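Student: this is a predicted model, with the sequence first.
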Amino acid sequence: MSESPSLPAPAASLSHVLGQTRRGNVLEETIARLLRGIRLGSFPPGDKLPPERELAESLGVSRSTLRDALAALQHTGHLSVRRGRYGGTFVTEEPPGPATTLHAGDAADVEDVLTFRGVVEPAAASLAAAATLSTEQRSALVQALQAVDNAEPAQYRPLDARLHCLIAELSGSAMLTASVVEARAAASALLDRIPFLDTNIAHSQEQHQAIVSAILQGEPTRAGELMQEHLEGTASLLRGFLADEGPASGPQP
């Protein structure tokens, strides 16, 4: 392999392929968009990524967010860092493919799960915030949040699911709670197919804290909006890791 660094793609073409990140879940969307660039061949195997400043501008994110996203993809094996004169961040020679290859029907099922969650969970959070909660219910919610916050990686996703289901129970609707449980079970099965990223978990827990705070302060609109934003972050990661957008060997039409 040649020691000379690859020339970065023009910023305009990067922006076209990667797109600008939207509000809220900047970290997760940045990870997903970098994965898209790798899979669509904007960053072929072995190539050096553009400078941080240029890449951050193309994505519309801060350099701090970009560094966190790059660190996450280094952890998953998509990127590697080299030191020295020709050092930098490179796409690995054989980047891992989708965590699990999805067929067309599978992709439709993933979108169905994400759509279902996006309807029932914000509604549950909003209703929980509008409800008159007892001292015991408020205490249980705080304890569930603390359990997730203190969870080891192996325990995190089950305790995360328990927190989401408890929020649904606090809505006071048995049917809505059953729907959230169903949606969360399906989402957990998908989450088990993607890497566990510490940076994402830290961001997710900040969002959990904001959601619980809105519920305890009786802010239904804010609780629903925060839950929607939280779910959008998870959706970005699932699409980023599970989507099969073609080989990364060259640009796609």
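Tutor: Sure, I can see it. Numbering: from 1, shown residues only.

Student: touching stretch 153-172 from outside, list them.
Tutor: 120-121, 123-125, 127-128, 131, 133, 137, 140-141, 144-145, 147-148, 151, 176-177, 179-181, 184-185, 188, 191-192, 196, 201, 204, 208, 211-212, 215, 227 (CB atoms under 8 Å, 6 or more residues apart in numbering). (C-beta placed from N, C-alpha, C; glycine too.)

Student: for it, buried residues please.
Tutor: Neighbour-count burial for stretch 153-172 flags 156-157, 159-161, 163-171 (criterion: 16 or more other CB atoms under 10 Å).

Student: ditto for stretch 216-232
Tutor: Buried residues in stretch 216-232, counted by 16+ other CB under 10 Å: 216, 219-220, 222-232.

Student: quick check: the farthest pair among those residues?
Tutor: The distance between the two most remote of these (CB to CB) is 22.7 Å, for 216 and 232.

Student: which of the buried residues of stretch 216-232 sits closest to residue 60?
Tutor: The closest of the buried residues of stretch 216-232 to residue 60 turns out to be residue 232 (CB to CB; 16.1 Å).

Student: leaving out sequence neighbours, find the closest residue to the closest one.
Tutor: Excluding the flanking residues, the one nearest residue 232 by CB to CB, 6 or more residues apart in numbering is residue 25, at 5.3 Å.

Student: repeat for residue 148
Tutor: residue 159 (4.7 Å).

Student: what helix or strand does that neighbour sit in?
Tutor: Assigned by DSSP states H and E, residue 159 belongs to helix 153-169.

Student: what's the first helix or strand after that helix?
Tutor: Helix 153-169 is succeeded, C-terminally, by helix 174-191 (DSSP H and E).

Student: in the helix or strand hosting residue 199, which residues are buried?
Tutor: According to DSSP H and E, residue 199 maps onto helix 198-216. Counting neighbours by 16+ other CB under 10 Å, one finds that the buried residues in helix 198-216 are 199-201, 203-205, 207-208, 210-212, 214-216.

Student: just put the residues you listed in CSV and tack on pLDDT.
Tutor: Compiled in CSV, the buried residues of helix 198-216 are given as follows (pLDDT from 0 to 100):
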residue, pLDDT
199, 83
200, 84
201, 88
203, 88
204, 92
205, 93
207, 95
208, 96
210, 97
211, 98
212, 98
214, 98
215, 98
216, 98
